[in-house]
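In: just coords:
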């Protein structure tokens, strides 16, 4: 790396704003193309350091050189025209495993600049992981993929339908053995979804016993914690304790304060997390920048009793107001998709609480007969001020928490929304800080050593974008609108996205965490 020319974020964006928004990167092909030179770009390298003008040469899937470079024979040249070149974004909490084998273009995420997705989230993972990886190898995608091994998946394998209780010592031992199997297949760690069945019925000792297996293997733990609302503080204490006892890195999935009585408590939460880090606990978090979440109806009822009118009324008052709770799946009556609970209640000529109880009963009946989930909802449960503060925490990285085919706009808009709203429009984050939270910081939280940064020797996962026009367009009513300002995306040096079009290249790889030995 030579002759860096620092450019402050403000100056870089100002320069971009003075230029035409219709500019595109210019490509000059030479034959044969032995290497790729991305010339005349503003490099934001993922470390959080100031951006600078320079060039990047790629050869054989990796970055060969960074700096003020001269074209060589055999270079295919991209003139970046002063645009921002960053490491490819890493989605640390994705549900793409549900549809990536059918949607190998991964349009939802690659159009945002994402080059790697991390699945096995919320305790639900492909099983056995070896088979999922084999299928991906046969039909690769545009993006890379890696996976956690999920607690709920392992618990369901061991306990079957008899899961509404604490596991026995023998059952925990069998789960531990399955976890060792999945870690040996390349899982990067252990995840839990403790608000969901069947994990909600586990006690902390069970989760800790499994987390210890992952810790002994040198991996990490990620958790949709036991409560994001009623028992939030106890849930935070649980994940901190797992980090304290095991010594492993632990991450809070899609961190949020999802109940009215918790709103405004972001400073207290961050003080708790900072105290844990000062104690030596490697705790971090990821986040998506929306006030509304997506899940199933039963997540609102920890005791799973939809006939408890008082519990339903409390949930609709404190956690998911009927006017901003709408159906994204309802198999008993698909025409309800897109309608709010208030609208459905009016159609049924009942109050919102009664409508919720009816819908939950109908969904449960169908689920019991089919064996698959029959409902999904989006509900508003957070406030913008908390989101800003949690996003700003130095140990929070960015994620979508979305699938590739989804009715929540986060699947198409998370990363570009942050670049538009929180960088360009509001100045909450500098461009370098935001990119760091999407790349280098995420890579550190995942244990990746050769991704998430622009430096010689790193894998050439890159995104070229226009800081003046980059932005999200996806909304709840149009959740699959493609972002603006993402010009080109490369995975291992192969272009997978070009000015609004997904290319035919499918260079995505499986990222496995090397585990030399597995303790008994």
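Out: Structure received. What you see is a predicted model, and the numbers here were worked out from it, not measured in a lab.
In: residue boundaries of the strands in the stretch 201-350 of the chain?
Out: 220-224, 250-252, 283-287, 292-295, 325-330 (DSSP state E, counting those that start in this stretch).
In: Dump the ones you listed to JSON lines, plus distance to residue 337 and mean pLDDT.
Out: (C-beta placed from N, C-alpha, C; glycine too.) Shown next, in JSON lines, are these (distance: least, C-beta to C-beta, whole Å; pLDDT from 0 to 100):
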{"stretch": "strand 220-224", "distance to residue 337": "24", "mean pLDDT": "98"}
{"stretch": "strand 250-252", "distance to residue 337": "30", "mean pLDDT": "98"}
{"stretch": "strand 283-287", "distance to residue 337": "27", "mean pLDDT": "98"}
{"stretch": "strand 292-295", "distance to residue 337": "13", "mean pLDDT": "95"}
{"stretch": "strand 325-330", "distance to residue 337": "5", "mean pLDDT": "96"}
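In: Minimum distance to residue 347: which of these has it?
Out: Residue 347 sits nearest to strand 325-330 of all the strands of the stretch 201-350 of the chain, at 11.8 Å, using C-beta to C-beta.
In: Show me what the closest one is packed up against.
Out: On a contact count with 3 or more C-beta pairs under 8 Å, 6 or more residues apart in numbering; DSSP states H and E, strand 325-330 meets helix 341-348, helix 352-370, strand 375-380.
In: Quick one: low-confidence residue ranges for this structure.
Out: Applying pLDDT under 70 to the chain flags the ranges 1-33, 514-520.
In: distance from the centroid: which residue in it tops it?
Out: Most distant from the centre of the chain: residue 73, at 40.1 Å, with distances by C-alpha atoms, centre = their mean.
In: Can you tell me how far that residue is from residue 39?
Out: For residue 73, the distance to residue 39 equals 15 Å [C-beta to C-beta, to the nearest Å].
In: who's residue 326 bridged to?
Out: Under the criterion DSSP bridges, residue 326 forms beta bridges with residue 340, residue 378.
In: I'd say it and residue 340 touch.
Out: Yes: between residue 326 and residue 340 a contact is recorded at 4.6 Å, counting by C-beta atoms under 8 Å.
In: what's the span of stretch 379-386, first residue to last?
Out: Taking C-alpha to C-alpha, to the nearest Å, stretch 379-386 runs 16 Å from one end to the other.
In: Identify the residues contacting that stretch?
Out: Defining contact as C-beta atoms under 8 Å, 6 or more residues apart in numbering, one finds that stretch 379-386 is touched by 229, 256-259, 263-266, 290-293, 319-321, 324-326.
In: Weed out the non-buried ones from these.
Out: By neighbour count, with 16 or more other C-beta atoms under 10 Å, the contacts of stretch 379-386 hold 229, 256-259, 265-266, 290, 292-293, 319-321, 324-326 as buried.
In: From residue 422, how far out is the nearest residue to residue 342 once chain neighbours are set aside?
Out: Nearest in space to residue 342, with sequence neighbours left out and distances taken as C-beta to C-beta, 6 or more residues apart in numbering, is residue 322 at 4.5 Å. Separation of residue 322 from residue 422 (C-beta to C-beta) stands at 30 Å.
In: what's the answer for residue 320, then?
Out: Where residue 422 is concerned, residue 320 sits at a distance of 25 Å (C-beta to C-beta).
In: Helices of the stretch 351-500 of the chain, start to end?
Out: Ranges of helices in the stretch 351-500 of the chain, per DSSP state H, counting those that start in this stretch, are 352-370, 384-392, 410-417, 431-438, 440-446.
In: from those, which stretch is densest packed?
Out: helix 410-417 (a mean of 27; mean count of other C-beta atoms under 10 Å).
In: Who are the contact partners of the nearest residue to residue 35 once chain neighbours are set aside?
Out: Of all residues not flanking residue 35 in the chain, residue 59 sits nearest, at 4.3 Å (C-beta to C-beta, 6+ apart). Going by C-beta under 8 Å, 6+ apart, residue 59 touches 34, 35, 36, 493.
In: Okay, and the beta partners of the second one?
Out: Assessed by DSSP bridges, residue 35 has beta-bridge partners residue 75.
In: unless I'm mixing things up, it is touching residue 72, no?
Out: Yes: checked against C-beta under 8 Å, the pair residue 35 and residue 72 is within contact range at 7.2 Å.
In: Any idea which of the strands of the stretch 201-350 of the chain gets closest to residue 507?
Out: Closest among those, using C-beta to C-beta: strand 283-287, at 25.1 Å.
In: And the closest one, what does it pack against?
Out: Short answer (3+ C-beta pairs under 8 Å, 6+ apart): strand 283-287 packs on helix 232-246, strand 250-252, helix 266-279, helix 384-392, strand 396-398, helix 440-446.
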